[in-house]
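Trainee: sequence first, then the predicted structure:
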Amino acid sequence: MRTVFLASLRTHTRRYVAAAIAVIVSVAFVVVIGVITSGARAGFMENAGAPFRNADHVVDAVHVDDTLDTSVAIEIVERLGKNASGLGLVLLPTRTGDRPASEMTVGPIAPAEEMRWQKLISGRFPERTGEAAVHVWDAQAREIAIGDRIRLGEGATATDLEVVGLVESPSPTAQASVYVTWPQFLHWRDQPSFHVSRVAVRGKVGQLPEGAALYSPEEYVRNGQAKLSNHADMIALILLVFAAIAVFVSVLVVANTFSVLFAQRLRDFALLRCVGATRRQVMDSVRREAAAVGVLASLTGTLVGVGLGYALIPLINTLAPTTPMGAAELPTPWLVGGFTVGLVVTLLASLLPTRRVVRVSPLAALRPDTAVDGHTATGRVRLALAALLLVTGLALLGVAMVQDSTVLMLAGGGSVFAGVLLFGPALVPRLVRITGALLGPAGRLATKNAVRNPRRTAATTASLLVCVTLTTAVLTGSATTRAAVDEERDRDHPIDVALTSPETPVTTDLLDQVRRTPGVEQAIPVEGAMAQVAGLDEPILVVTAPDAERVARDGGSFARVEPGKIRLDYAAFDKNLSLRPGDRVTVRVGDRRAQLQVAAGTGWGQAGVVAPATLAQLTDAPEPHVIWVRASAGADPLELVGDLAGLANAAGAEIHDNLQARATEDQLLRILTWSVLGLLGIAVVIALIGIANTLGLSVLERAREHAMLRALGLTRRQLRRMLATEAMLLSVVATLLGTVIGVGFAWAGYETVVKPALKDASMQVPWPSLGVVVLVAALAGLLAAVLPARRAARVTPAAGLSLD
Amino acid sequence: MRTTTQATVAASARDLTKTYGQGDAQVHALRGIDLDLHRGRFTAIMGPSGSGKSTLMHCLAGLDHASGGTVTVAGTDLGSLDDDALTIFRREHIGFVFQSFNLLPMLTAGENIVLPLELGGRRTDDAARERAHMLADILGVADRLGHRPAELSGGQQQRVAIARALITQPDLLFADEPTGNLDSTTSAEVLNHLRRSARELGQTIVMVTHERDAATYADDVVTMQDGRIA
C-alpha cells in the first residue's frame, strides 16, 4: 500500500493543490493575527518605556490605583533639579494664527538633555520660558511652522510662545501636543486640568515624601502594560472570531474538494479492492494522503503567515503612525495553533468523504462506465432535520425579538442557517435552474452542468453563502445603526456652524462671503436682540428663525418655539446654567420684558430661540446677529471651519461648530465597517477558491464530454463561456440567497438589539451596497472560472476523446 | 480523374502524414496517405490496433491537425483553417458517432439530438423539430426522447447518437467503432441504420472499425497497416 500511497500523492498533486490552498489561506490568516498582535504588544512596551529614558527610578503613588499628588511630584522635581523629569499634562485653549481657539495638551520637557524622550524632528528644544516645541502631527494639522507664535491659555494666564522646534513623541501615555520648559509649565499650575503624576529620576532620590514610592523603570512599565495589553488581546480576540469564520468556511471548502476528488477516484479504489486490498488498507491510504496534504499545507500556511505578518507591520506603521508597532517576537503559541488548526481542518474535512470511499464495492471497477448519478436523493432524514432546525430557529428568533435576548437571537440565527445549509441540495439546484432560465438557451448547458450533482452544487455554494450572509448582515446592520445614530445626532446638533456677533449686527456683505465659501450649502441670517435673562450672568442673544428648516439638520423643529417659551442650548452653557427646563424667567431687552418658560435643546450655541411673536414683543427693530450655516455633503470640516473662522474673526464674530465632532464619529464608524468587511473578505476569498476548486475538478471529470462538444462544433470561446456561466450561476445564487438571509438576520438583530437601544431607529437596507456585493460575487465567480476554463479549452478534441 | 473529383468526392487526403513526439520517441502514425471518399458511399476503414485508422479519422474530421499533406472536405482545405474556423466547419459539415456514445448525461435524448443545432446558435424551429422526429422515427427511438441517457440501453443510446450526427445534414459522418460497446444483435441494428442512411438519405459515411463483420455492411473497405493503406 505504501507504493500506492506515494504514487497517488504524486499523481494527484495538482488536484490536491486545490484543497491545500484553502487550508493555507486560513492557517496564514491565524498566524498573521498572531504576529500582528505580538508586534502591537512589543510596540506598546517600547513606547510606554520611552518617558523613562536614562532614568534609574520612577516615582509614583504607592498603590497602583492611586495617583501621585501633584504638589508632591513638583516638590521632588524642584529638589532634584536637572536629575528629575516630571511627567504631566495641562489642557489649555490654544490659538494659532487666525484659527479658532481649541484645547491642546501641554507637557513639560526634561531639563537634562539626556532625559528628554521626545524625538526632535526639526528646530531645537525650548530652552527658556516663552519657547515651545510642537508635536509634528499637530503642527501638520494646524499648519504651524517653526518661528510661528501661538497663544496658550486665556485671560490672566494667557501666554504667547514662539515655536522653536517640532518633535515626535513615541509614548501614548505621556504624549502632548505642545512641550514647554518646566518653569513655563508650572506657570499654569492653578489650572484645574494641571497635573504631574510621575517623576523619572536619575541617580539618588533621597527622602521620599509620604504616599510616594520608587519603582525601577522596567518594573513600572511592565505593571502599566498589563492594562494596555488587555486592549491588544481584546482586538486579537475579535480577529480570532473572523479567523474562526474563515476556518469554518475552509472546512466546507476542503470537505467539498475532497469529496469531489474521491468521487473521481472511486474506480481506482474499487480496482485496489479488486486486486486484494482490504477496506482498511484503502481507508488508511486515503487518510494518510489527507494527513500529508494537511501537514504540507499547514506548514506552508504558517510560513506564509509569518512572512505576511512581518511584511504587514512596517506597512501598518506607515499607514497609521499613531499606533506604532514594535519588532514582533515569533508568537510560538499562535504558530503552533495555526498549524494544528490547519491539520485538524484537513483531517476533519477528509473524514466524511473517506467514509463513502470504503463503501465502494470491488465490482464498481469492472463496470464499464459508472453513470453519473444525476439525482442524488436528498434523504428524508436530512430534510426532516433541516425543517426542524428551520422551524426551531425561526421560533427562537421570534422569542428573541419579543424578549430582546441576544443569546436567543444568536442561537436562532445559527439554527436557521444550519437548516438552510442542510436544505441546500434540494434548494440550491432549484434556484440555479430558475436563475439559469433567465439566461435563455445560451445558458442551458451551463445550468444543466451546474445542477447535475445537487449535493456538490449545494456544498460548493455553502461556503460563499456563509460569507455573503455575514457580509450582508454587517452592511445592513451598520446602515441601520448609522441611520439611527445620524438621526439622533441631527437632533442634537441641528446647526453645522453658527457665526454669532453679539455686539454688532452681521452685514449682508459677511453673509455673502459666508455663502460663497466653498463647502457651504446654505447660510441664513438669524434676527434677534441682546437680552438680559434672569438667572444668567451675562446677556445673551434672543433670536427667532422661522426659516431654520433651510439649514437645520433636524428639519428646523428646534427653532419652532411656541410663543411664551425660550429654548436654550444646554450643551453650550455647560454646567454653569442654573435654569431648569420648565422654569419661568424674565427676559428683558432695553426696557421691555417678557415672562418666558425655559425649554431645552442642544446644538446651536449660546442663543435663546423664541417665537417671532415673542421677539416682536421684546423689540421693534430686531437685527441679524447670527448666521447659521449648513455644510454641503463631502465638505472638508477642518478647511470649512478654518475659512469661516477667518471670516468671523475679521468681523468680530464668534464661531460655534458641530462639524468636526461629526466627522470624527463618521470616520470611526466607517473604519469599523470597512475592517469587518475586509476581514470577511478573507473568508470570501477562501469560498471563491472553493468554487474554483469544484469547477477545476469538474472540468477534469468532464474532459471527454468537452472534447465531444468541441467535436460537435463548440468553439473554444463557447466552451470557456459555458464554464464561466456555470461558475457565475453558482456564485450569484449563493449571493442572492445569502443576501436574503443576511437582511433577514439584520432585521432580527435590529428588532432584538438596535431598537431597544436607540428608540428612533428604523431598519435601513443599503440597496446600492447589496447590489455591489451581488455584482462583485458575479465577477468573482467569473474570475474563479478563468483557470479551469482555460485548461479545459486548451485540450484538443482528439486528445480529449482518446482519454479514458 | 481530376475533373470528376469535384462532383463525386466528398473528402480527400493527399500525402497525409502524422507524427507524434520527437527524437527517439517519435511515432509515425500516418506515413503518406492518399485517399478519396466518394459522396453517398459508406466506407469502412479497417485495420488492427495501432494501424493509424483512428488518427486518419481524426485528421479527416478536423479533430486534429495533420503533420504534413492536405485534407480537403467539401472543397475546403482543412489545413488552412484556424481552431475556431475548424470548429465551425465541423459544426456545419461533419457529424460524429462514437464508440462510447458520448451523450451528455444531463440532457434528455431529444435534447441531445438537437444539441448540434443549439451549439450553432440556431433556434430549434419547426423544421428542425420535424427532422429530429423523422430521424428518431427512422432510428426507432421516437418513444424515448424524454429520457436521459442513463435510462436508455446501449443500442438506444447509439441510435440517439446517430440521430444527433444526422440532424445537421453533414457532408461527412464519421463513426468511430460505433459497435464497440454493443452486443451482436444491437450491432447489426446500428450498422443497418448506418447503411440505410447512406442508401436512403445519400449520406456519406466513414466508419472506423476493427471488426470484419462490421466492415461487410460498407460499400467500400480501406484497410490500414502501420500507417499506410494496405
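Mentor: Received the coordinates, thanks.
Trainee: please state the offset of the host helix or strand of residue A:333 from the chain centre?
Mentor: Assigned by DSSP states H and E, residue A:333 belongs to helix A:332-358. Mean C-alpha position of helix A:332-358 versus that of the full chain (C-alpha atoms, centre = their mean, to the nearest Å) differs by 30 Å.
Trainee: what average pLDDT does it get?
Mentor: Average pLDDT, helix A:332-358: 82.
Trainee: need the residues of chain B near chain A, please.
Mentor: If contacts are counted using C-beta under 8 Å from any C-beta of the partner chain, the residues of chain B sitting beside chain A are B:54, B:58, B:61, B:63-64, B:83-84, B:87-88, B:90-92, B:96, B:98, B:100, B:102, B:104-107, B:115-116, B:118-120, B:123, B:148-150, B:164, B:176, B:181. (Glycine included, C-beta is placed from N, CA and C.)
Trainee: number of nearby residues for residue 138?
Mentor: Using chain A. A total of 17 residues lie near residue A:138 under the criterion other C-beta atoms under 10 Å in any protein chain shown.
Trainee: wrong one, I was asking about chain B
Mentor: Residues within reach of residue B:138, counting by other C-beta under 10 Å, total 18.
Trainee: surely it and residue B:203 touch.
Mentor: No: in terms of C-beta atoms under 8 Å, residue B:138 does not count as a neighbour of residue B:203; the distance is 11.5 Å.
Trainee: report pLDDT for the residue most central in space within chain B.
Mentor: For chain B, residue B:174 is the residue whose C-alpha lies nearest the centre (C-alpha atoms, centre = their mean; 1.0 Å). Looking at residue B:174, its pLDDT is 92.
Trainee: which parts of chain B are strands?
Mentor: Defined through DSSP state E, the strands belonging to chain B, from first to last, are B:9-20, B:27-38, B:42-46, B:68-73, B:76-77, B:94-97, B:172-176, B:205-209, B:220-225, B:228-229.
Trainee: low-confidence stretches in the stretch 401-550 of chain A?
Mentor: Residues of the stretch 401-550 of chain A that meet the criterion pLDDT under 70 lie in A:442.
Trainee: which parts of chain A sit against chain B?
Mentor: Within chain A, the residues that sit near chain B (C-beta under 8 Å from any C-beta) are A:368-369, A:371-372, A:374, A:441, A:444-445, A:448-449, A:451-452, A:704-705, A:708-718, A:796-799, A:801-802.
Trainee: what about the closest residue to chain A within chain B, distance to residue B:116?
Mentor: Per C-beta to the nearest C-beta, the residue of chain B with the smallest distance to chain A is residue B:91, at 2.3 Å. Counting by C-beta to C-beta, to the nearest Å, the gap between residue B:91 and residue B:116 amounts to 6 Å.
Trainee: okay, and the common contacts of these two?
Mentor: For the pair residue B:91 and residue B:116, residues contacting each of them under the criterion C-beta atoms under 8 Å, 6 or more residues apart in numbering or on different chains are A:712-713, B:168.
Trainee: possible to save these as CSV with distance to residue A:763, neighbour count and pLDDT?
Mentor: Compiled in CSV, the shared contacts of residue B:91 and residue B:116 are given as follows (distance: C-beta to C-beta, whole Å; neighbours: other C-beta atoms under 10 Å in any protein chain shown; pLDDT from 0 to 100):
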residue, distance to residue A:763, neighbour count, pLDDT
A:712, 53, 24, 86
A:713, 53, 25, 85
B:168, 57, 24, 87
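Trainee: among those residues, which ones are in helices?
Mentor: Helix and strand membership here follows DSSP state H; of those, those in helices are residue A:712.
Trainee: point out where chain B drops to low pLDDT.
Mentor: When the per-residue scores of chain B are filtered using pLDDT under 70, the ranges that remain are B:1-7, B:122-124.
Trainee: all helices for it, in order.
Mentor: B:2-8, B:53-60, B:83-93, B:109-119, B:126-139, B:154-166, B:184-201, B:212-215.
Trainee: so which residues make contact with the fifth one?
Mentor: Translated: helix B:126-139. In this structure, residues lying in contact with helix B:126-139 by C-beta under 8 Å, 6+ apart are B:110, B:113-114, B:117, B:122, B:124, B:142, B:145, B:159-160, B:162-163, B:166-167, B:193, B:196.
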